[in-house]
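Peer 1: Quick one: sequence and predicted model below, then my questions.
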Amino acid sequence: MNEDWAGVVVQLGGAEALNVSARETKAFVRPRGIRNAVDLLRLILAYCLGERGLRLTAAWATSVGLVDISNVALLCRLRHCGDWLTQLIGQTLASGAPQASHGRLIRIVDATTVPKAGTGGRNKNAVWRVHSALDLPQERFGKHRK
């Protein structure tokens, strides 16, 4: 498991790059129990990808010797990591993009329908039309332009 984790860290640019990007995005400002950005990222992924809640993730981190942290402190740290995770995901996606896509805006556009609620909507087969556009490089929903 530790060997797999070391491979993930290398894929993301290494420990130093993770520390720099975490500090730039203010996800990791000072240690306060969590030694570095690599340990913080491991906690984030354990919580987000695992089947544990905050309490069990904190207990797991203590049991494996990662960090002794309360569930409340873990939640506080997680709340500051959104921009950092967005940056890491964007870098990972960009590194795997085909050469032809570099410098181009890639947008995934979808239009779907959702039935309106209530008997009036059902009787008339009324629907809401939902249009969405995902800007792939930014990993964010944007405005759909026709």
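Peer 2: Structure's in. What do you need? Numbering: from 1, shown residues only.

Peer 1: Could you point out which residue ranges in the chain have low pLDDT?
Peer 2: Low-confidence segments of the chain, defined by pLDDT under 70: 1, 97-103, 121-122, 137-139, 142-146.

Peer 1: Start from the middle of it and tell me which residue ends up furthest away.
Peer 2: Asn123 (41.2 Å; CA atoms, centre = their mean).

Peer 1: Show me where the chain has its strands.
Peer 2: Remark: strands assigned in the chain by DSSP state E are 107-115, 127-135, 140-142.

Peer 1: by contact count, what packs against the first one?
Peer 2: Pointing back at strand 107-115 there. strand 127-135 (3 or more CB pairs under 8 Å, 6 or more residues apart in numbering; DSSP states H and E). (Glycine included, C-beta is placed from N, CA and C.)

Peer 1: Quick check: neighbours of the strand it packs on in the sheet, parallel or antiparallel?
Peer 2: strand 107-115 (antiparallel), strand 140-142 (antiparallel) (DSSP bridges).

Peer 1: before we move on, back to that, out of the strands of the chain, which comes closest to Arg30?
Peer 2: strand 140-142 (28.8 Å; CB to CB).

Peer 1: To Tyr47, which of the strands paired with strand 127-135 lies closest?
Peer 2: Nearest to Tyr47 among the strands paired with strand 127-135 is strand 140-142 (22.1 Å), distances taken as CB to CB.

Peer 1: show me what contacts the residue positioned nearest the centre of the chain?
Peer 2: Closest residue to the average C-alpha location of the chain: Leu85 at 4.7 Å, with CA atoms, centre = their mean. Residues near Leu85 by CB atoms under 8 Å, 6 or more residues apart in numbering: 27, 44.

Peer 1: at 10 Å instead, please
Peer 2: 22, 25, 27, 41, 44-45, 48, 78, 139 (CB atoms under 10 Å, 6 or more residues apart in numbering).

Peer 1: Of these, just the buried ones, PyMOL syntax please.
Peer 2: Of the contacts of Leu85, the buried ones can be selected in PyMOL as follows, counting by 16 or more other CB atoms under 10 Å:
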select buried, resi 22+25+27+41+44+78
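
Peer 1: any idea how far the residue nearest to the centre of the chain lies from Leu49?
Peer 2: Using CB to CB, to the nearest Å, Leu85 is found at 12 Å from Leu49.

Peer 1: Was I right to think Gln87 contacts Ser21?
Peer 2: Yes. In this structure, Gln87 is within contact of Ser21 by CB atoms under 10 Å, at 5.9 Å.
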